[in-house]
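Participant: Predicted model follows, preceded by the sequence.
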Amino acid sequence: MSCKTLYITLRRLMGKRDVTALRSQLWVHGPVLFARSLALGSPRVVADVLSLLPISERISVLRHLPYPLRDAMKPLCIGGSQRLRMQPWSPDVLALRSA
């Protein structure tokens, strides 16, 4: 399957929010082809598709995305997980420690 065909399939599955079929495509084609296909889309599309995957599968795909695309996705992740924002040096953690 070509990257473009897989990308079209992933967009269709993302529109339906079909997590099972998305995971199936990842298992069948592997994280490298899956990431190459996702790289054809905008950072918003990539973030939407990745948000539907479990964290372990999400990380395996992220490792294969081109660096410029990962860098372009950073603003989309600002309001993300509390765990990611609560780093040991962050002001929130320092405030909790001093309380």
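Facilitator: The structure has been received and is ready for your questions. Numbering: from 1, shown residues only.

Participant: ok, residue 7 - how many residues close by?
Facilitator: When counting by other Cβ atoms under 10 Å, one arrives at 19 neighbours for residue 7. Where C-beta positions appear, they are placed from N, C-alpha and C, glycine not excepted.

Participant: Tell me which residue lies nearest the centroid of the chain.
Facilitator: residue 50 (3.1 Å; Cα atoms, centre = their mean).

Participant: Need the pLDDT of that one.
Facilitator: As predicted, residue 50 sits at a pLDDT of 90.

Participant: And stretch 50-67, how far out from the chain middle?
Facilitator: For stretch 50-67, the distance between its averaged C-alpha position and the chain's averaged C-alpha position is 5 Å (Cα atoms, centre = their mean, to the nearest Å).

Participant: what's the span of it, first residue to last?
Facilitator: Distances were taken as Cα to Cα, to the nearest Å; on that basis the terminal residues of stretch 50-67 are 16 Å apart.

Participant: Could you give me the buried positions within that stretch?
Facilitator: For stretch 50-67, burial by neighbour count (16 or more other Cβ atoms under 10 Å) applies to 50, 52-53, 57-58, 60-62, 65.

Participant: counting contacts, what elements does the host helix or strand of residue 8 pack onto?
Facilitator: For residue 8, the enclosing helix or strand under DSSP states H and E is helix 3-16. Based on contacts counted as 3 or more Cβ pairs under 8 Å, 6 or more residues apart in numbering; DSSP states H and E, the elements that helix 3-16 packs against are helix 19-38, helix 43-51.
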